[in-house]
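Participant: Fold the stuff below for me.
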Amino acid sequence: MMVTGPPSRRSRDALKRARLRAARRAALILLAAAGLLYAGAQYFRPGHPWLGFVAAFSGAAMIGALADWFAVVALFRHPLGLPLPHTAIVTANKERIADSLGEFIQSQFLSADQVRAGIHAFKPGRRIAKWCLREENLARIQAYVAPLARHLLSAIDQKQARDFLAGALTSGFETLDTGLIAGHILDALSENRRHQWLLDEALAQLYQFLQHDDVRQELVYAIARHMEFVPSTLNLDERVGRAILQRLYDALQTLLQAVHDDHDHALRRRFDEAVADISDRLKTDRTFRARIQTMQADLVLSPGMEAVFTTLWNGLQEWLQGQLEDRDGRFKAADALAVALRDLAASLADRPALHAWIDAEIASSIPQIIARYRRAVGLFIAAQAKAWDDAFLVDQIELNIGRDLQFIRINGTLVGGVVGLILYMLTGHIG
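Facilitator: Take a look at the predicted model:
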């Protein structure tokens with residue numbers, strides 16, 4: 001069986017117009033039938049007195065039909081084109097009707113109680129979970145997100161985006177109190193002496209640095225240059241330098257090992273004191289922090305920062321493009337989003353308490369938003385109704401309620417005939 005979607009507005013309007021024409025035709029046929037019946041009854045009445053009942057019924061039916069026809073037509077236009085008072089009511093009172101419609105919408109449909117009741121009946125928490133569990137909805141998300149993301153990325157002006165990023169980062173960095181932040185970071189690192197690993201790492205790097213041959217050679221030459229009293233013949237100065245350097249290496253290795261093994265070593269205590277002093281100055285010394293702010297401002301204004309911001313934006317753009325598509329042309333970010341939604345829906349599905357919490361949060365926040373913009377919504381609806389063309393307004397109202405009004409004409413014809421027959425009987429025309 002082929003599944004079809006909901007009918008379009010044009011097809012719905014066409015169906016309404018067909019039903020309206022059918023109702024008008026029925027009312028007109030009933031009026032014509034009453035007229036023919038009245039004419040025939042009056043013509044044959046002299047030879048058949050009982051036809052007086054038929055004439056009374058059909059005559060009153062015509063009066064009822066014509067009266068209701070006038071009333072229905074007078075709602076929308078002037079009957080027979082005659083500008084009679086209190087006709088074309090809708091177009092003559094369009095402004096008042098529009099204001100009343102806007103006030104009715106904001107006071108009845110957008111009231112806080114009505115909105116809360118609607119949210120409670122709708123149960124958004126449960127519906128969100130069910131919606132996210134459907135694979136076709138996840139596929140729909142992937143289908144919409146990918147083209148939208150590509151369009152947004154391609155529509156961005158590269159220079160404006162780069163300038164915006166630079167301005168945002170510069171403004172934030174200029175106002176950032178890096179001294180105070182650094183002081184708090186040092187306090188956090190110093191808790192339970194966790195900053196000692198920095199000293200261990202620094203000593204380890206120093207040890208590795210001194211093991212390089214080129215460093216050794218440079219140190220030997222530096223020592224030799226400052227040993228002018230040692231004869232340079234037979235490279236004696238280099239030999240003495242090597243001997244001194246070896247002694248220095250041995251002493252330094254011994255010191256490094258002692259610091260490593262002794263967690264209460266004097267150098268470690270001095271390091272604790274230095275970190276605490278720097279942290280305190282960063283938080284309390286105005287002059288020290290002012291110097292940091294000056295260096296910070298100079299860094300922001302330096303010519304090289306433009307190249308940094310350009311590199312940042314290019315890297316961000318490349319990352320976004322990489323997230324948009326992989327080698328197979330699939331949208332990787334949408335896949336990740338679909339997985340996240342699926343996991344979220346699975347966790348929501350069997351948790352009624354969470355559903356109730358979502359419903360409560362929506363019910364508490366949405367009415368506040370609606371209360372803030374309710375009057376604006378009502379005024380907008382009224383303004384839209386006032387802006388409608390008179391012919392369009394009449395057509396739309398008649399299209400939606402005109403069929404029911406034609407049944408008023410039909411009922412008026414039948415009820416008028418019955419009332420006329422009753423009056424005929426009560427005025428002594430029986431027999």
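Participant: give the contact list for the residue nearest to Arg19 when sequence neighbours are not counted.
Facilitator: Distance criterion Cβ to Cβ, 6 or more residues apart in numbering; nearest residue to Arg19, sequence neighbours excluded, is Arg403 at 5.2 Å. For the C-beta atoms, the positions are set from N, CA and C on the backbone; glycine is no exception. Taking Cβ atoms under 8 Å, 6 or more residues apart in numbering, we find Arg403 in contact with 16, 19-20, 23.
Participant: ok, so of these, who is nearest Leu379?
Facilitator: Lys16 (29.0 Å; Cβ to Cβ).
Participant: What about that closest one, how many residues nearby?
Facilitator: Neighbours of Lys16 under the rule other Cβ atoms under 10 Å: 15.
Participant: Pull the contacting residues for it.
Facilitator: With Cβ under 8 Å, 6+ apart, Lys16 has these contacts: 399-400, 403.
Participant: Throw the contacts of Arg403 into a markdown table and include pLDDT and secondary structure, thanks.
Facilitator: What follows is those, written out as a markdown table (pLDDT from 0 to 100; DSSP: H, G, I helix; E, B strand; the rest coil):
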| residue | pLDDT | secondary structure |
| --- | --- | --- |
| Lys16 | 88 | helix |
| Arg19 | 91 | helix |
| Leu20 | 90 | helix |
| Ala23 | 91 | helix |
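Participant: Kindly supply the PyMOL command isolating those of the residues you listed that are buried.
Facilitator: With 16 or more other Cβ atoms under 10 Å as the criterion, this PyMOL line picks the buried residues out of these:
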select buried, resi 20+23
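Participant: Among the contacts of Arg403, which one lies nearest to Gln368?
Facilitator: Nearest member of the contacts of Arg403 to Gln368, counting by Cβ to Cβ, is Lys16, at 38.1 Å.
Participant: What distance do you get for that closest one to Leu399?
Facilitator: 5 Å (Cβ to Cβ, to the nearest Å).
Participant: about what we covered before: with distance to Arg9 as added columns, please give the contacts of Arg403 in a markdown table.
Facilitator: Putting those into a markdown table (distance: Cβ to Cβ, whole Å) gives the following:
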| residue | distance to Arg9 |
| --- | --- |
| Lys16 | 10 |
| Arg19 | 16 |
| Leu20 | 16 |
| Ala23 | 21 |
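Participant: which among the contacts of Arg403 gets closest to Ala276?
Facilitator: Lys16 (83.0 Å).
Participant: What is the neighbour count of Thr310?
Facilitator: For Thr310, the neighbour count with other Cβ under 10 Å is 14.
Participant: swap in Trp69?
Facilitator: Trp69: 21 neighbours (other Cβ under 10 Å).
Participant: Now do the contacts for it.
Facilitator: 27, 31, 79, 409.
Participant: By neighbour count, which of those wins?
Facilitator: Arg409 (25 neighbours).
Participant: Just the element for the nearest residue to that one once chain neighbours are set aside, please.
Facilitator: In space, Arg409 comes closest to Ala27 once its chain neighbours are excluded; the distance is 4.0 Å by Cβ to Cβ, 6+ apart. Assigned by DSSP states H and E, Ala27 belongs to helix 9-44.
Participant: Tell me what angle whichever helix or strand comes after that helix forms with helix 9-44.
Facilitator: Using DSSP H and E, the next helix or strand after helix 9-44 towards the C-terminus is helix 51-76. Comparing the axes of helix 51-76 and helix 9-44 via axes from the mean of the first three to the mean of the last three Cα atoms, to 10 degrees yields an angle of 150 degrees.
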